[in-house]
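[1] Okay, here's the prediction I keep looking at, along with the sequence it came from:
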Amino acid sequence: MPQFLIQFAQQHEEFRLPELEALATIENVRMTYNPDAYSLESPFLIVEIESAEKAAQLLNRAILIKTITELWGTGLSWEELIDRVKEHPERWPQYLQVPFKFSVVGFGGTIEMKDKPELIDRFAFTGFMGKIDLKNPEEEFLLIADYGIDPNVKIAHTFYMGRLIGHGKRDLIEKFNVKKRRYIGNTTMDAELSLIMANQALCGPGKLVYDPFVGTGSFLMTCAHFGATTVGSDIDGRQIRGKGKASIQSNSEQYGVKDRVLDALVFDVCHAPWRRVKGGLFDAIVTDPPYGVRAGAKTLGRKDPTKQATGPRMAVEEGVHAHLLPDYVPPTKPYEMSEVVADLLMFAVKNLVRGGRLVYWLPTVTEDYTIDDLPTHPCMELISNCEQAFGQWSRRLITMEKIKDWDGQAVALGPPTGDMNKSTTNPKQQGHFGFRDRYFAFGIVENAKRKKELKEAYHKGGPAAVAAYMKQIEQKKKEEENQQQE
Amino acid sequence: MRLITHNMLQCHVKGCNANNFPLELQEVVLEQEEAELNEDFLRNMLGKLEYEALVATCLKLDINDLPATLPADAAYNDEFLQILHRVILETHIKSGKMICPNCQHIYNVRDGIPNMLLAEHEV
Ligand SMILES: [Zn+2]
């Protein structure tokens, strides 16, 4: 089978192979490669694909692929590369007359401008006679020198030559740039990751995709961009309504996906009103459950269950039930991350079609995380688990696929419990257990919060307010220290 | 909210498990908004829709275009898909009430957004 050189973006490295696999599934491209030849530290991967046409299909919606090149040779030096290319003269004749250009590219190092013409001349043996067209060539041939990522290495270690098949769709990152989006929130996911998630979910024409923590609707947009029809819900109606003319609806107009963004509804995914459809309602679930300082997950109910009403409550105005008033907002309580994730998994088991995917972010405390933390279910298969690290904490993009119908039997969700007689005195904490509280404790977050509050104080009352705020913090610190000493 | 979404919703008040679909529409304001025909999606949804409930809901709204029963060749019947598209994807409920036929819970739709939150004593 013909070989192709994929050059990935040096960005979100852990997500690159999973995205490539998803693209191959979406486009129905059979592809093989040696996983041992792949490294997170190199953007290059050689794959075998049945044809150049099929290879081009991988680019249709690739976010983490920069280019795919039909590989004509590789070597440890220019000399060796030239020898390899010369072994296949049967490749050249069809390009003898077409307008073309050669490009010389260095990765992790530079090839000086003045050296390039000479280098290109060394490939004159191919006999191309077409017009050289630097702006709009019909074919572009690449000479690539790979210096690796170590900046101290000044000599390239691998050389490639090939015919460019095309570029990925990295320009979509700019199209969905959050800074240019009319309506965003505090936790809006960045464009690149939102697009990658749409690929992981195998979004495409005809599919129905659901985001149960829709927020300002990022995933409704990117999934709809790739042809899916999308619907979202959120317990926080203010997020869905937006402000004035800025809303989920205005975003869907901005991105030209209005016809495919069905609706956004206000409800708590723990109490979801979706009608149960035999065989599953949704083709994919794509979501980022809220966590963090300002926007922790919430569910309906009261923290103190003894205070929860069992019957309708009367409003202050006599004779009216509070919950019937137009502005009634039911009480909510914090929704622990491990519960969110377990509920999300069960929701997917019940409501996804077979073959449907669940794609979500799982925040974890890095030092505690192990693969066993992932809740699992016999109906769901783990497809990929990619980490985006932030130092002491990280988040993982989890992709699961529903592999069989649920028989309605309740099963305990994984992790595998192993030998129950062992270590009952010291049960290991899950990496995402109590995530919110521990996230609070991190210095970085604390500083960011303080910075923001300082800024607000300054806006409200100028330098005097800032001084007062600082004093308040010192006071608090002292009190805490005193408490510790006691 | 589009009529297709209404067809996917049922009452979910604690203990309300039967006769809780379709939610009865009252005092609704409808709006027609053109959208691009999406046959792939309509085909996907044919098996997921509750067609009888859809027809019944439409009749109460004076929308009489849908045939009483789903045509056998629905998936590739252009004329039918066009009508279905107009009804479930181009018809929006801008405001109104959705009432559970069983427990009478009222779900309000305002500015096209349905509020499906339950009250404290209903969860
Ligand atoms: Zn009910």
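    Sure thing, it's come through.
[2] can you give me the strands in chain B?
    B:24-32, B:91-99, B:106-110, B:113-114 (DSSP state E).
[3] Of these, give the one that comes closest to residue A:387.
    Taking Cβ to Cβ as the criterion, strand B:113-114 is the member of the strands of chain B that comes nearest to residue A:387, at 35.8 Å. In short, each C-beta sits where N, CA and C put it, glycine included.
[4] Tell me which other helices or strands the helix ranked longest in chain B touches.
    Longest helix of chain B, by residue count under DSSP state H: helix B:78-89. With contacts defined as 3 or more Cβ pairs under 8 Å, 6 or more residues apart in numbering or on different chains; DSSP states H and E, helix B:78-89 has these neighbours: helix B:3-7, helix B:39-46, helix B:51-60.
[5] that older thread, of the strands of chain B, which stretch is the most buried?
    strand B:113-114 (a mean of 24; mean count of other Cβ atoms under 10 Å in any protein chain shown).
[6] Residues in contact with it: which ones?
    With contact meaning Cβ atoms under 8 Å, 6 or more residues apart in numbering or on different chains, strand B:113-114 is reached by A:237, A:240-241, A:263-266, B:1, B:5, B:9, B:93, B:98, B:107-108.
[7] Name the nearest of those residues relative to the ion.
    Proximity of the contacts of strand B:113-114 to the ion (Cβ to the ion) peaks at residue B:107, which lies at 9.4 Å.
[8] Contacts only, for the residue lying closest to the closest one once chain neighbours are set aside.
    By the measure of Cβ to Cβ, 6 or more residues apart in numbering or on different chains, the closest residue to residue B:107 outside its immediate chain neighbours is residue B:98, 4.3 Å from it. Contact analysis of residue B:98 by Cβ under 8 Å, 6+ apart lists B:6, B:9, B:23, B:24, B:25, B:26, B:106, B:107, B:108, B:109, B:114.
[9] Now do the same contact list for the nearest residue to the second one once chain neighbours are set aside.
    If the residues on either side of it in the chain are set aside, residue B:9 comes closest to residue A:273, at 4.9 Å by Cβ to Cβ, 6+ apart. Listed by Cβ under 8 Å, 6+ apart, the contact partners of residue A:273 are A:265, A:267, B:9, B:10, B:11, B:12, B:107, B:116.
[10] now do 10 Å
    Contact analysis of residue A:273 by Cβ atoms under 10 Å, 6 or more residues apart in numbering or on different chains lists A:233, A:265, A:267, B:8-13, B:20-21, B:23, B:98, B:100, B:107, B:114, B:116-118.
[11] So which other helices or strands are in contact with the host helix or strand of residue A:263?
    Applying DSSP states H and E as the criterion places residue A:263 in strand A:261-266. The helices and strands touching strand A:261-266, judged by 3 or more Cβ pairs under 10 Å, 6 or more residues apart in numbering or on different chains; DSSP states H and E, are strand A:208-211, helix A:218-225, strand A:229-234, helix A:237-241, helix A:248-254, helix B:3-7, strand B:106-110, strand B:113-114.
[12] Which residue is the nearest non-sequential neighbour of whichever residue of the stretch 51-200 of chain A sits closest to chain B?
    The nearest approach of the stretch 51-200 of chain A to chain B comes at residue A:183, 14.2 Å away (Cβ to the nearest Cβ). Once flanking residues are discounted, residue A:183 sits nearest to residue A:246: 3.9 Å by Cβ to Cβ, 6+ apart.
[13] Run through the bridge partners of that neighbour.
    Listed by DSSP bridges, the beta-bridge partners for residue A:246 are residue A:243.
[14] With residue B:97 instead?
    Counting by DSSP bridges, the residues bridging with residue B:97 are residue B:26, residue B:108.
[15] thought it was touching residue B:106?
    Yes: applying Cβ atoms under 10 Å, one finds residue B:97 in contact with residue B:106, separated by 5.2 Å.
[16] Spell out which residues are contacts of both of the two.
    Listed as contacting both residue B:97 and residue B:106 by Cβ under 10 Å, 6+ apart are B:23, B:24, B:26.
[17] just to revisit the earlier point, of the contacts of strand B:113-114, which fall within the contact range of the ion?
    When contact is defined as Cβ under 5 Å from the ion, the contacts of strand B:113-114 do not meet the ion at all.
[18] Of these - the most surrounded one?
    Neighbour counts for the contacts of strand B:113-114 (other Cβ atoms under 10 Å in any protein chain shown) peak at residue A:264, which has 30 neighbours.
[19] roughly how far apart are that one and residue B:7?
    Look at residue A:264 and residue B:7: by Cβ to Cβ, to the nearest Å, they are 17 Å apart.
[20] quick one, strands of the stretch 1-150 of chain A?
    Along the stretch 1-150 of chain A, the segments classed as strands by DSSP state E, counting those that start in this stretch run A:3-8, A:31-32, A:44-49, A:65-75, A:100-107, A:139-146.
[21] Identify the bridge partners of the residue in the stretch 101-250 of chain A that the ion sits nearest to.
    Nearest residue of the stretch 101-250 of chain A to the ion (Cβ to the ion) works out as residue A:233 at 18.2 Å. Going by DSSP bridges, residue A:233 is paired in beta bridges with residue A:265.
[22] what's near enough to touch it?
    Taking Cβ under 10 Å, 6+ apart as the contact definition, residue A:233 lies against A:210-214, A:240, A:263-269, A:272-274, B:114, B:116.
[23] What distance do you get for residue A:183 to residue A:321?
    34 Å.
[24] residues contacting residue 122?
    No chain was given, so I picked chain A. Residue A:122 neighbours (Cβ under 10 Å, 6+ apart): A:78, A:79, A:81, A:82, A:143.
[25] should've been chain B
    For residue B:122, the contacting residues are A:271, A:300, A:309, A:311-312, A:323, A:330, B:11-16, B:103, B:105, by Cβ under 10 Å, 6+ apart.
[26] at 8 Å what do you get?
    Applying Cβ under 8 Å, 6+ apart, the residues near residue B:122 are A:323, B:13, B:14, B:105.
[27] Buried only: go through those residues for me.
    Burial by neighbour count, 16 or more other Cβ atoms under 10 Å in any protein chain shown: within these this picks out A:323, B:13, B:105.
[28] Surely residue A:127 touches residue A:96?
    Yes: the pair residue A:127 and residue A:96 qualifies as a contact (Cβ atoms under 8 Å) at a distance of 6.1 Å.
[29] Could you report the pLDDT at residue 51?
    The chain I'm using is chain A. Residue A:51 is assigned a predicted lDDT (pLDDT) of 97.
[30] meant chain B actually
    Predicted confidence (pLDDT) at residue B:51: the value is 98.
[31] Could you do the one 5 residues further on as well?
    Model confidence at residue B:56, given as pLDDT, is 97.
[32] Skipping adjacent residues, who's closest to it in space?
    Spatial nearest neighbour of residue B:56, chain neighbours left out: residue B:22 (7.2 Å); criterion: Cβ to Cβ, 6+ apart.
[33] Contact partners for that neighbour?
    By Cβ under 8 Å, 6+ apart, residue B:22 lies in contact with B:6, B:7, B:9, B:10, B:50, B:53, B:54, B:56, B:57, B:101.
[34] Of the residues you listed, select the buried ones using a ChimeraX command.
    In ChimeraX, a selection of the buried entries from the contacts of residue B:22 looks like this (16+ other Cβ under 10 Å):
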select /B:6,7,9,10,50,53,54,57
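[35] Make CSV from the contacts of residue B:22 and add distance to residue A:167 to it.
    Supplementary listing: those in CSV, determined by distance: Cβ to Cβ, whole Å:
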residue, distance to residue A:167
B:6, 43
B:7, 42
B:9, 43
B:10, 47
B:50, 45
B:53, 48
B:54, 45
B:56, 52
B:57, 48
B:101, 55
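[36] That concludes my questions; thank you for your assistance.
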